[in-house]
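Asks: Take a look and give me a structure for this.
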Amino acid sequence: MRWFVLTLLIYSIVLTDTVDPVDSGITFLNVGVGDATIVRVDEKVIFIDAGPSDSILYNIDNLPKKIDLLVITHQHEDHISGARYLLERFDVREVIMPRLCDVDPIDVLYPSGAETRKTAITLLDNNDLIEYQYPLPNSMLDEKVKLKLFLPRYGDSVTDECIRVTDTPQVNDNSIVTEILSPDVKILLMGDTEKEGEFALLENQSALNAIADYQILKAGHHCSNTSSGEKFLRYVDPDILVCSTGEYNSYGHPSREVLDRADYLGIKIHLTYRDGELFIPF
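Replies: Model prediction:
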């Protein structure tokens with residue numbers, strides 16, 4: 001897999017401050033203290049989180065006015081705030097987010113009370129799995145990009161007890177995990193999943209790609225010391241660990257412990273505040 005690292009570094013050099021994703025691929029945006037990713041397959045546009053503010057709008061030049069899918073991994077403001085600006089300005093076809101027992105998704109997405117567009121909203125419960133397939137353009141082999149959204153069961157018991165938005169660790173571990181499989185690269189995005197959620201994911205390996213041999217891992221919870229445990233990193237075995245966070249933030253992200261762990265395991269680190277946006281082609 002080390003040939004992939006060299007290719008990735010070449011693409012990193014040509015990144016700019018704004019995204020013009022005219023080619024099929026994934027872009028990890030630099031949104032400061034927060035998380036936002038764009039997946040583009042031909043004319044299909046998918047967002048996975050949208051950052052902490054309207055700054056998302058200044059990072060997405062030349063996108064079409066239609067967003068096919070907006071995934072909110074969990075309902076914390078550094079992931080969902082930018083989604084409200086997207087919903088105001090784009091034709092968003094579908095939103096997917098985890099279910100919380102004390103949160104109405106309409107209130108979260110449209111806090112002003114004005115739902116201006118007809119957007120389908122899907123709420124995921126524990127162990128729910130949704131899969132999308134998008135044909136790659138100009139492919140002679142009918143190649144596709146597969147997108148899987150999975151909500152690992154959190155906790156030890158199989159109960160219907162719901163999670164409240166104020167229960168921060170549980171909300172983090174209730175993040176939607178996204179797997180992207182293309183002919184050339186395998187990517188895993190963890191939302192704000194922490195170590196308990198990583199364990200739950202390893203217990204549910206059959207839902208995804210056996211949780212192994214990914215080239216790119218978007219680390220859970222901004223590379224905090226509550227995520228990216230050694231066992232999980234060894235299972236996933238990524239070439240690149242992407243840490244989406246802002247410089248000099250009050251949370252201490254990224255954790256020195258996680259950075260040292262990745263270095264010990266031979267994993268390259270991409271810090272969005274230091275290295276900028278990262279585009280990986282499909």
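Asks: can we go C-alpha only for contacts and neighbour counts from here?
Replies: OK.
Asks: And for this structure, the residue most distant from the center?
Replies: Here the centre of the chain is the reference, and by C-alpha atoms, centre = their mean the most remote residue is residue 140, at 29.4 Å.
Asks: I'd assumed that residue was in a strand, is it?
Replies: No. In this structure, residue 140 is coil, not part of a strand, as judged by DSSP: H, G, I helix; E, B strand; the rest coil.
Asks: gap between it and residue 183?
Replies: 13 Å (C-alpha to C-alpha, to the nearest Å).
Asks: What of residue 27?
Replies: 17 Å.
Asks: Neighbour count for the two, which is higher?
Replies: residue 27 (21 against 11; other C-alpha atoms under 10 Å).
Asks: Before we go further, the more buried one is sitting in a strand, right?
Replies: Yes. Using three-state DSSP, the assignment for residue 27 is a strand.
Asks: Surely it is in contact with residue 38?
Replies: Yes. Contact criterion C-alpha atoms under 8 Å: residue 27 and residue 38 qualify, at 5.1 Å.
Asks: per-residue confidence at the nearest residue to residue 226 once chain neighbours are set aside?
Replies: With C-alpha to C-alpha, 6 or more residues apart in numbering as the measure, residue 194 is the residue that lies nearest to residue 226, at 5.4 Å, once sequence neighbours are left out. pLDDT, residue 194: 91.
Asks: quick one: contacts for residue 194?
Replies: 169, 172-173, 220-221, 226-228 (C-alpha atoms under 8 Å, 6 or more residues apart in numbering).
Asks: any chance of the residues you listed in JSON lines, plus neighbour count, secondary structure and pLDDT?
Replies: JSON lines is the format used below for the contacts of residue 194 (neighbours: other C-alpha atoms under 10 Å; DSSP: H, G, I helix; E, B strand; the rest coil; pLDDT from 0 to 100):
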{"residue": "169", "neighbour count": "15", "secondary structure": "helix", "pLDDT": "71"}
{"residue": "172", "neighbour count": "24", "secondary structure": "helix", "pLDDT": "86"}
{"residue": "173", "neighbour count": "30", "secondary structure": "helix", "pLDDT": "84"}
{"residue": "220", "neighbour count": "30", "secondary structure": "helix", "pLDDT": "92"}
{"residue": "221", "neighbour count": "26", "secondary structure": "helix", "pLDDT": "92"}
{"residue": "226", "neighbour count": "18", "secondary structure": "coil", "pLDDT": "91"}
{"residue": "227", "neighbour count": "24", "secondary structure": "coil", "pLDDT": "93"}
{"residue": "228", "neighbour count": "28", "secondary structure": "coil", "pLDDT": "94"}
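Asks: Good, wrapping up.
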